[in-house]
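**Student:** structure for this input, please:
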Amino acid sequence: MNDWAVQELRLLHRCWPQLECDEVTGWCRIPSFAIPDGWNKDTVEVAFQIPANLPGQPPYAFLIRDGLLLASGTPPTDYNPQATTPWGGTWGQFSWQPESWAPGPQPGRGTSMVDFVRSFSDRLRDRR
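**Tutor:** This is a model prediction of the structure:
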């Protein structure tokens, strides 16, 4: 990971102290991430990858271990239930990206990886 990404990782750890990250691949995992109502779970294990060319390359997608269904029992849209991560097991990937990606002059100014991870709740609040 480049210096920018390492600084972004520090910011992520402040918000999610339990976050684990492989600094070689940029893969990160939060073991317990609270999600909004309307799903078959209250918390999920979530994973994402810090882009290799941060800040110029925006992040894309997040993954949830052991599948996730709407409370009605149906699968969400823009979701691939057959994704892989370095942690093995069954993961599903949400196609998701920031609506805008505008990093500032240094990590934490402007759009950041913290904003991206917080946006997972926005996607899950959408419940489709």
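**Student:** pull up the pairing partners for the lowest-mean-pLDDT helix or strand in the chain, direction included.
**Tutor:** Least confident element among the helices and strands of the chain, by mean pLDDT, DSSP states H and E: strand 79-83 (a mean of 89). With DSSP bridges as the test, strand 79-83 is paired with strand 91-94 (antiparallel).
**Student:** give me the contacts around the strand it pairs with.
**Tutor:** Under the criterion CB atoms under 8 Å, 6 or more residues apart in numbering, residues 47, 61-68, 76, 78-85, 120, 123 lie in contact with strand 91-94. C-beta: built from backbone N, CA, C; applies to glycine.
**Student:** low-confidence ranges in this structure?
**Tutor:** In the predicted model, the chain carries pLDDT under 70 at residues 127-128.
**Student:** which one in it is furthest away from the centre?
**Tutor:** Residue farthest from the centre of the chain, counting by CA atoms, centre = their mean, is S72 at 23.8 Å.
**Student:** OK, contacts around the residue nearest to C28 when sequence neighbours are not counted?
**Tutor:** Closest residue in space to C28, ignoring its immediate chain neighbours: C21 at 4.2 Å, by CB to CB, 6 or more residues apart in numbering. By CB under 8 Å, 6+ apart, the contact set of C21 is L9, L12, W27, C28, R29, I50.
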